[in-house]
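Enquirer: Can you look at this prediction? I've put the sequence above it.
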Amino acid sequence: MAQQRRKRRSTGRRTKKQKTRRRLWLLLILSVLFLVCLLNDCYQKGMFQKEWREISHETPKTKKASKEEKEDQKKIRVLLTNDAMNSIYHNTIQIRGTEKLTVIQNGKKKQYAKGKTLTFATRGQHRIESSTEISCPKGRIKVVSITRSGKNPVYRGSMKLVKKKQGILLVNTLTLREYLYGVVPSEMPSSYPMEALKAQAVCARSFAWRQMRSNSYKTYGADVDDTTSFQVYHMSAEDEKTRKAVRATAGQMVYSRDKVITTYYYSTSWGYSASEQEAWGGNAGKNYPVRFQRAGKDSGQDLLQEARFYDFITKDSTETYDSGYDWYRWQVKLPAKTLGAKLGIGKAKKIRVLKRGKSGLIRSLRVSGTKGRITLEGQEKIRQQLYPAGTEILKKKSGGKVVLSMLPSAAFTVLDGSEDGKVIFTLIGGGLGHGVGMSQNGAGEMARQGNNYKEILRHYYSHCDIR
């Protein structure tokens, strides 16, 4: 009996061991299968490939950038003007990084802590002796010595300071896309419809692209500056809505056949757009049409004749894309004595329009005075010379009065009159800007009426394509 019990116990132990062994094998097989599946899944997701490249020295495969992305990644050099925006030269520049700054001067590299203000001057303790390069790899660069709209602007990219006899040049180098991030909200309010902002982004990109190839600022080691001479840059801070407009139109520009055109634009029309020839002379081009600014309508007439222009500019009932905006109609009163003193012709006696364009834009006029007369040619010279500093301009829609640096536009008529026994010339005009290309407020209204950005651009730039 005892022997039988021992035999049964032995048999039971063997059976138990066999079962345990089978379970272990099964567990091992399941573990291997799980590991194989896990590794395969990781491989499919691209994991471990970096480590393999490091071992095998394999060159990583990068996603090929599109043509549009390549265009937006090209570098542009922006010359930053002083605090008053009236000179490209600075006496003192103060810079601060939102993160650690790297400064290269005289071939030596030095780093400065986040928030530390660096001063560079033409003379004294902080005198700059040679070109200096500044970058903030993990942040942005704040220029403390200048203000834009009451704030110190913060810039992407890098800075280069170059000492000249007249002062220090400050050049901001960054990608075209980053540049547009600073231009679009400065040129058009971000509250405008998205399609208008897209149109502005395409215009700004096309204009910058042309300037990058013109080399007009190569003397200063730059392509453009940050004023209205080119495009206003960082007058307003970046905005997510305008950044989206830039990204949504990546690389897109306005072409006439196979060439990118200079996409002129301005604030507000007087109901017509002007040709390039009317504004600046030269040969007439087809890309900037003289056009009545009303959807599906044609005025049926040009404004060459004084009587026609007078009737048009004095009517408030004519509806156009711009007629709802403050600068659509304005008025200025010029005392004869003040105007004559500015022009150096004694007391002004007569203002005579010599030539208008079809859009109504004045191309030349003559002012006669007690000590001679002067002829002014071109819209820009007319706006500057016919405007005594500090003269108030009445915006007829709102009744508000403002002082500008020149007349709002060269689309005006002249009325003779007197006040308190003094001769006064009254200018009744419309629009704000040179009048060529796209009206920004007109684009805003077109977008509100349901037009997309390509339709807006094709309206303002004839015979052109957007691609």
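Expert: Perfect, thanks for sending it.
Enquirer: Quick check: M194 vs A443, distance?
Expert: Applying Cβ to Cβ, to the nearest Å, the value for M194 to A443 is 12 Å. No exception for glycine: its C-beta is placed from N, CA and C like everyone else's.
Enquirer: contacting residues around the residue lying closest to S267 once chain neighbours are set aside?
Expert: Nearest residue to S267 in three dimensions, chain neighbours excluded: L432, at 4.1 Å (Cβ to Cβ, 6 or more residues apart in numbering). Going by Cβ atoms under 8 Å, 6 or more residues apart in numbering, L432 touches Y266, S267, T268, W327, P408, S409.
Enquirer: Quick check: bridge partners of the first one?
Expert: With DSSP bridges applied, the residues forming beta bridges to Y266 are S439.
Enquirer: What count of nearby residues applies to it?
Expert: Neighbours of Y266 under the rule other Cβ atoms under 10 Å: 22.
Enquirer: Show the pLDDT at it.
Expert: Y266 is assigned 98 on the pLDDT scale.
Enquirer: Measure how buried the closest residue to C136 other than its chain neighbours is and give me the count.
Expert: In this structure, C136 finds its nearest non-sequential neighbour in G97, 4.3 Å apart by Cβ to Cβ, 6+ apart. Neighbours of G97 under the rule other Cβ under 10 Å: 26.
Enquirer: chain center to the regular element (helix or strand) spanning V202: distance?
Expert: Assigning secondary structure by DSSP states H and E places V202 in helix 194-214. Centroid separation between helix 194-214 and its chain, computed with Cα atoms, centre = their mean, to the nearest Å, is 7 Å.
Enquirer: List the buried residues of it.
Expert: 194-212 (16 or more other Cβ atoms under 10 Å).
Enquirer: For M85, grab phi and psi.
Expert: When read as degrees, to the nearest 10, the backbone of M85 gives phi 60, psi 30.
Enquirer: What segments of the protein are helices?
Expert: 2-44, 49-56, 67-72, 176-187, 194-214, 240-248, 276-280, 306-314, 336-343, 379-385, 440-448, 453-460 (DSSP state H).
Enquirer: So for the first one, mean pLDDT?
Expert: Averaged across helix 2-44, pLDDT comes to 66.
Enquirer: Over to stretch 139-159?
Expert: 97.
Enquirer: swap in stretch 449-466?
Expert: pLDDT averaged over stretch 449-466 gives 95.
Enquirer: Could you report the neighbour count for S190?
Expert: For S190, the neighbour count with other Cβ under 10 Å is 18.
Enquirer: Pop out the phi and psi values for the nearest residue in space to it that is not next to it in sequence.
Expert: With sequence-adjacent residues excluded and distances taken as Cβ to Cβ, 6+ apart, S190 is closest to D239, at 4.2 Å. Dihedral angles of D239 (phi, psi; degrees, to the nearest 10) stand at phi -140, psi 140.
Enquirer: From here on, call the first residue 42.
Expert: Shifting the count to begin at 42 puts that one at D280.
Enquirer: I am assuming D280 contacts V224, so please confirm or correct that.
Expert: No: counting by Cβ atoms under 8 Å, D280 does not reach V224; the two are 11.6 Å apart.
Enquirer: Mind checking which residue lies nearest the centre of this structure?
Expert: V224 (2.1 Å; Cα atoms, centre = their mean).
Enquirer: For Q114, see how far away it is.
Expert: For V224 relative to Q114 (Cβ to Cβ), the value is 16 Å.
Enquirer: about what we covered before: which of the contacts of L473 lies closest to K60?
Expert: Checking the contacts of L473 against K60 with Cβ to Cβ, the nearest one is S308 at 89.0 Å.
Enquirer: Run through the residues that contact that closest one.
Expert: Neighbours of S308 in contact, by Cβ under 8 Å, 6+ apart: W368, G472, L473, G474, S480, Q481, N482.
Enquirer: and if you look at T355?
Expert: T454, I469.
Enquirer: same deal with the one 5 residues further on?
Expert: Under the criterion of Cβ under 8 Å, 6+ apart, the contact list for E360 reads R335.
Enquirer: Look up how far L221 lies from the residue nearest to S231.
Expert: For D280 relative to L221 (Cβ to Cβ), the value is 12 Å.
Enquirer: cool, V455 as well?
Expert: 40 Å.
Enquirer: Tell me where the stretch 392-508 of the chain has strands.
Expert: For the stretch 392-508 of the chain, applying DSSP state E, counting those that start in this stretch gives strands covering 403-410, 413-418, 433-436, 442-444, 453-460, 463-470, 479-480, 506-507.
Enquirer: Comparing D280 and L221, which shows the higher neighbour count?
Expert: Using other Cβ under 10 Å, the more surrounded residue of D280 and L221 is L221, with 29 against 17.
Enquirer: measure the residue nearest to the more buried one when sequence neighbours are not counted to Q420 for me?
Expert: In this structure, L221 finds its nearest non-sequential neighbour in V287, 4.6 Å apart by Cβ to Cβ, 6+ apart. Separation of V287 from Q420 (Cβ to Cβ): 30 Å.
Enquirer: Then S450?
Expert: Taking Cβ to Cβ, one finds S450 at 7 Å from Q420.
Enquirer: How about K399?
Expert: For K399 relative to Q420 (Cβ to Cβ), the value is 14 Å.
Enquirer: shared neighbours of the two, anything?
Expert: E319.
Enquirer: between those two, which one's more packed in?
Expert: Q420 (27 against 17).
Enquirer: okay, the nearest residue to that one once chain neighbours are set aside: pLDDT?
Expert: Closest residue in space to Q420, ignoring its immediate chain neighbours: A451 at 3.7 Å, by Cβ to Cβ, 6+ apart. pLDDT, A451: 98.
Enquirer: Tell me, how many residues neighbour A451?
Expert: Using other Cβ under 10 Å: A451 sits among 31 other residues.
Enquirer: can you pull the contacts of it?
Expert: L402, I403, Q420, E421, I423, R424, G470, G476.
Enquirer: From those, keep the buried residues only.
Expert: Buried among these (16+ other Cβ under 10 Å): L402, I403, Q420, I423, R424, G470, G476.
Enquirer: State the pair within the residues you listed that is farthest apart.
Expert: I423 and G476 (12.2 Å).
Enquirer: Hmm, K115 is touching T216, no?
Expert: Yes: because the distance of 6.9 Å satisfies Cβ under 8 Å, K115 is recorded as touching T216.
Enquirer: In this structure T214 contacts L202, no?
Expert: No: between T214 and L202 there is no contact under Cβ under 8 Å: 12.0 Å.
Enquirer: Would you mark the buried spots in stretch 271-291?
Expert: 271-277, 279-280, 283-284, 286-287, 290-291.
Enquirer: how far does that stretch stretch from start to finish?
Expert: One end of stretch 271-291 to the other measures 21 Å (Cα to Cα, to the nearest Å).
Enquirer: pLDDT at T432, what is it?
Expert: For T432, pLDDT reads 96.
Enquirer: Can you give me the distance of it to T454?
Expert: 17 Å.
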